[in-house]
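Q: Based on what follows, work out the 3D shape:
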Amino acid sequence: MHNKLLIASHNKGKVKEFQRMLNLDGVELLSLEDQGITFEAVECGKTFQENSEIKAKVYGNLSGLITLADDSGLSVDSLNGAPGVLSARYGGENLSDEDRVELLLNNMRNVPVAERQAKFIAVLTLYRPGNKNISNKLISVAGTCEGLITNSPVGTNGFGYDPVFYIPSLKKTTAQISSMEKDSISHRGKALKKMRIELQKLYNIDND
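A: Down below sits the predicted model:
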C-alpha cells in the first residue's frame, strides 16, 4: 500500500470501523497513535461542521497526510438541539456514557412521546494539506439518522446514546441492532458512503 489516509482519532476501534465501511483497496488507514500524535485538537466550533474542519486541518497539518475527521452527536428537538456538539461532554467531562444517558432522560422526563423526536448527525471532513492551489483541499459530507428518545435504555449493543435512540421503522433502539444493520442506517454510515465516493475519486479507485 502506498496511499495513506489519516483518521483524526486516537481510537483504533474507530479506525477499524472506517476501514470496514470505506473498504478502499490500496489505501492504508492510520490512527493518530500510529503517527505518534498525542496532541488534542481543541473542538471550539459551534457546529459539527466547524469541529470536523478544525480536527481535519489540525491533524492534517501536523502529519502532512491527507486526513479524514468526523464530528457527530445527538440533537433533540425538545431540548433545542442539545446535547449537540457537546454530546460526548454532556453534563461534564467526567461523566460516563450511562451518566449522560441518565442526564438526558432526566432533562426529558416531562416531554410526551409525541414530542421526543431526535436525530443523530455526523459530518466528515477530508483535508488535503500542502499546495494552496488545490481546489478541493477541504471536502465535507453529512449524514443523519432520525428517531425518538425512549423513556428508558433498551439494548446492550452500541455505545453512547444508542440505548435510548429508537428507530420507528425497525421498532428497535440502535443498541438492539447488529453492526451491519447500524452501518446501513446510521448517520456515520450514510456520511461514510458519501465520503467513499470522494475518496475513490481522489485515489483513482474504480467504483464497484
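Q: And Leu148, its phi and psi?
A: Torsion angles at Leu148 (phi, psi; degrees, to the nearest 10) stand at phi -130, psi 150.
Q: That one: neighbour count?
A: 19 (other C-beta atoms under 10 Å). C-beta: built from backbone N, CA, C; applies to glycine.
Q: and if you look at Ser140?
A: Ser140 has 19 neighbouring residues, counting by other C-beta under 10 Å.
Q: For it, which residues are in contact?
A: Gln49, Ser52, Glu53, Val123, Leu124, Thr125, Leu126 (C-beta atoms under 8 Å, 6 or more residues apart in numbering).
Q: need those in a markdown table with distance to Glu40, pLDDT and secondary structure, can you?
A: Listed next are those as a markdown table, based on distance: C-beta to C-beta, whole Å; pLDDT from 0 to 100; DSSP: H, G, I helix; E, B strand; the rest coil:
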| residue | distance to Glu40 | pLDDT | secondary structure |
| --- | --- | --- | --- |
| Gln49 | 20 | 96 | helix |
| Ser52 | 15 | 96 | helix |
| Glu53 | 16 | 96 | helix |
| Val123 | 19 | 98 | strand |
| Leu124 | 19 | 98 | strand |
| Thr125 | 17 | 97 | strand |
| Leu126 | 21 | 97 | strand |
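Q: between those residues, which has the most around it?
A: Ser52 (29 neighbours).
Q: Name all residues that make contact with that residue.
A: Gly45, Ala69, Asp70, Asp71, Val123, Leu124, Thr125, Ser140.
Q: what's the closest non-adjacent residue to Thr174?
A: Leaving aside its sequence neighbours, Thr174 sits nearest to Asp162 (C-beta to C-beta, 6 or more residues apart in numbering; 4.2 Å).
Q: Do you have the helices of the protein handy? List them.
A: 12-22, 48-63, 97-107, 179-185, 187-202 (DSSP state H).
Q: in the fourth one, what's buried?
A: Put plainly, it is helix 179-185. Glu181, Lys182, Asp183, Ile185 (16 or more other C-beta atoms under 10 Å).
Q: Confidence-wise, which helix or strand of the chain is lowest on average?
A: helix 12-22 (a mean of 84; mean pLDDT, DSSP states H and E).
Q: What's opposite the residue most central in space within the chain in the beta bridge?
A: In the chain, the centroid-proximal residue (C-alpha atoms, centre = their mean) is Ser72; its distance is 4.0 Å. Ser72 forms beta bridges with Ala122, as assigned by DSSP bridges.
Q: wait, it sits on Ala122?
A: Yes. In this structure, Ser72 is within contact of Ala122 by C-beta atoms under 8 Å, at 3.8 Å.
Q: Now distance to Tyr203 too, for the buried residues of helix 179-185, in CSV please.
A: Below are those laid out as CSV (distance: C-beta to C-beta, whole Å):
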residue, distance to Tyr203
Glu181, 28
Lys182, 26
Asp183, 21
Ile185, 27
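Q: re the thing from before, now the common contact residues for Ser72 and Ala122.
A: Phe48, His187, Arg188.
Q: and stretch 53-62, how far from the chain's centre?
A: Distance of stretch 53-62 from the chain centroid (C-alpha atoms, centre = their mean, to the nearest Å) equals 16 Å.
Q: List the contacts of it.
A: Contacts for stretch 53-62 (C-beta under 8 Å, 6+ apart): 6, 8, 32, 37, 39, 41-45, 66-71, 125-129, 138, 140.
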